[in-house]
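A.B. asks: Just need the structure, nothing else, for what follows:
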Amino acid sequence: MEKHGKMSKFKRVSSFRRELCNFCGECLHLCPVLRLPIEIAKEEIKKLINGEESKYALTKCNTCFSCNLYCPQNANPYNLILERWNELYKKRAAPPLYRFVCPTEQNNIWQLLNIFLSNQERRWIFNWISYKPKPNDIVLLIGNYTHLFPFILGGSKLLNYFKPIDRIDQWEGGAYLYQGGYLDVVQRIAQRTKEDFDNWGVKKVVACLDAVEYIFREVHPKEMGVNHTQEFANFNHWILDNINSGVIQLISPIEMTITVHDNCYSKTLNGGYWEIPREILRKCGCQIIEMKHNRKDALCCGFGAGASWVKNFSIIFDIISEGFKKFKEAEETGAKALISYCGGCIYLLWAAKELRRSPIDIFHVIEIVRMAMGEKLNYPQDHIKRAWDIIAIMTYSLFLSIVRKNFFISKITYDKDLSTFKPKKFRLLKLIRYTFNLSMIRYFFSKCFVILMNILKTR
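C.D. replies: Below is the predicted model:
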């Protein structure tokens, strides 16, 4: 376990407001995933508050934040679920497959992906991960998951205004661990990132993800007891401001009908993240057709389904199953493309698209802006290749997890040699990925995956 001498002065505080909850059950009744009958919802919320065995919330929640918006008392029931998951983590630890998203564990997704990166991607990432910011820099946090698709942003003129940084062992400030209820680990990460920022001496930090900005601005000080002195900003806000001011010139309007995926963290701050990406898309020339579930009712990309795991082996199938629901709604709109403004969602959406064999296109909002600026993208070739890289890694990680045990996240910082980032030979993974180059193998794998998903999914 890593030692933090100052940890004692940081106190974690739950944002669930027990005194406001009147057991009305509206949060779990209106939940777009659970949709519990009102009487059962009332009973379930009482069980959660009393620490009794949960029949629904802790095994089916997608961590989408909607329940906080539905609560008429502003009691923050979502955070009650996180607290109960944190207690479960202390008892049962994390599932073996979760090593996949832990950068300090061997065979994590970033280490495995390194063997598939192009030379250009390696150059971008090396620069982003090795640069040490200076006090006058405006830092742009690329993000752990944008890292998986670095060509979304790499090489763009948008980066000319920042010093892009890709500190994978900052864990997105703990954003995705927070969704899984690993709250004590998030507090340690909060302290670590504060030390990073303070040592850099930077004054302003811009985050590519809504989740990361929210974690640093809201969760760290209000729930983890860690106050940052830096100014945190949102990259989408910066893009819109600079489009409006004329700094970013949109010379090639994108005349396309699109539908928008609202990520889970967009539901924080009373939906303060919803409209800006939509305004950006309109200015780029897009016509928006909304899905049945959008904004506060939006369905998760699938990532959140892994938080409420029941069986380790079913996690990936639960995740992709939820992604399929998103695609079904997107396809029903008749839009040509599904747009995400979250780099964390985009990699799972691409994996789900390929496994579902969906005809709808997927873009990150940054890609739409770049195309409207006149920048050329290698779409969809880069994305399809990377989607199958990710699917191969998921498959390989699932095999590894069968022989592993539950584990506690002990290290949150890379060792001095970056051993869990540097690639190894991974011969079996390379073999799996090689077979996916064959279209017939992809077709049969997708069919088999869907069959297994329907058998194993617990949702």
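A.B. asks: Poorly predicted segments of this structure, please.
C.D. replies: Counting by pLDDT under 70, the ranges of the chain that qualify are 1-9, 457-459.
A.B. asks: In three-state terms, label the residue of it most remote from its centre for me.
C.D. replies: In the chain, the residue that sits farthest from the middle, by C-alpha atoms, centre = their mean, is Glu39; the gap is 32.7 Å. Here Glu39 is helix, with the state taken from DSSP: H, G, I helix; E, B strand; the rest coil.
A.B. asks: And for Ile412?
C.D. replies: Here Ile412 is coil, with the state taken from three-state DSSP.
A.B. asks: Leu349 versus that one, what's the distance?
C.D. replies: To Leu349, Ile412 is 28 Å away according to C-beta to C-beta, to the nearest Å. Bear in mind the C-beta positions are built from the backbone N, C-alpha and C, glycine included.
A.B. asks: do the same with Asp241
C.D. replies: Counting by C-beta to C-beta, the separation of Asp241 from Leu349 is 27 Å.
A.B. asks: other SSEs contacting the biggest helix by length in the chain?
C.D. replies: In the chain, assigned by DSSP state H, the helix with the most residues is helix 381-402. Packing partners of helix 381-402 (3 or more C-beta pairs under 8 Å, 6 or more residues apart in numbering; DSSP states H and E): helix 109-113, helix 343-356, helix 427-435.
A.B. asks: give me that answer again for 6 Å
C.D. replies: helix 343-356, helix 427-435 (3 or more C-beta pairs under 6 Å, 6 or more residues apart in numbering; DSSP states H and E).
A.B. asks: Pick the most deeply packed of those.
C.D. replies: Burial of the helices and strands packed on helix 381-402 is given as mean neighbour count (mean count of other C-beta atoms under 10 Å); helix 343-356 ranks first at a mean of 25.
A.B. asks: Let me see the ranges of the helices in the stretch 1-150 of the chain.
C.D. replies: Secondary structure of the stretch 1-150 of the chain by DSSP state H, counting those that start in this stretch: the helices cover 26-30, 38-50, 57-60, 66-70, 77-92, 109-113, 119-130.
A.B. asks: I'd like to know how many residues surround Arg35.
C.D. replies: Neighbourhood size, Arg35 [other C-beta atoms under 10 Å]: 10.
A.B. asks: ok, and the closest non-adjacent residue to it?
C.D. replies: Of all residues not flanking Arg35 in the chain, His29 sits nearest, at 7.3 Å (C-beta to C-beta, 6 or more residues apart in numbering).
A.B. asks: Domain parsing of the chain, as residue ranges.
C.D. replies: 13-92, 96-456 (automatic domain parsing).
A.B. asks: first vs last residue of the longest one, how far apart are they?
C.D. replies: Distance across domain 96-456, first residue to last, is 17 Å (C-alpha to C-alpha, to the nearest Å).
A.B. asks: list the contacts for Tyr56?
C.D. replies: Neighbouring residues of Tyr56 by C-beta atoms under 6 Å, 6 or more residues apart in numbering: Leu34, Glu44.
A.B. asks: what does the one 5 residues further on give?
C.D. replies: The contact partners of Cys61, taken as C-beta under 6 Å, 6+ apart, are Ile81, Ser308.
A.B. asks: Ok, Met224 next?
C.D. replies: When contacts are counted by C-beta under 6 Å, 6+ apart, Met224 touches Arg12, Gln187, Ala190.
A.B. asks: Now flag whichever of these is closest to Gly246.
C.D. replies: Closest approach between the contacts of Met224 and Gly246, by C-beta to C-beta: Ala190, at 37.8 Å.
A.B. asks: how far away is the residue nearest to Asn406 when sequence neighbours are not counted from Gln179?
C.D. replies: Once flanking residues are discounted, Asn406 sits nearest to Ala93: 3.8 Å by C-beta to C-beta, 6+ apart. For Ala93, the distance to Gln179 equals 17 Å [C-beta to C-beta].
A.B. asks: same deal with Asn234?
C.D. replies: Separation of Asn234 from Gln179 (C-beta to C-beta) stands at 19 Å.
A.B. asks: Which one of these two is surrounded by more residues?
C.D. replies: Gln179 (26 against 21).
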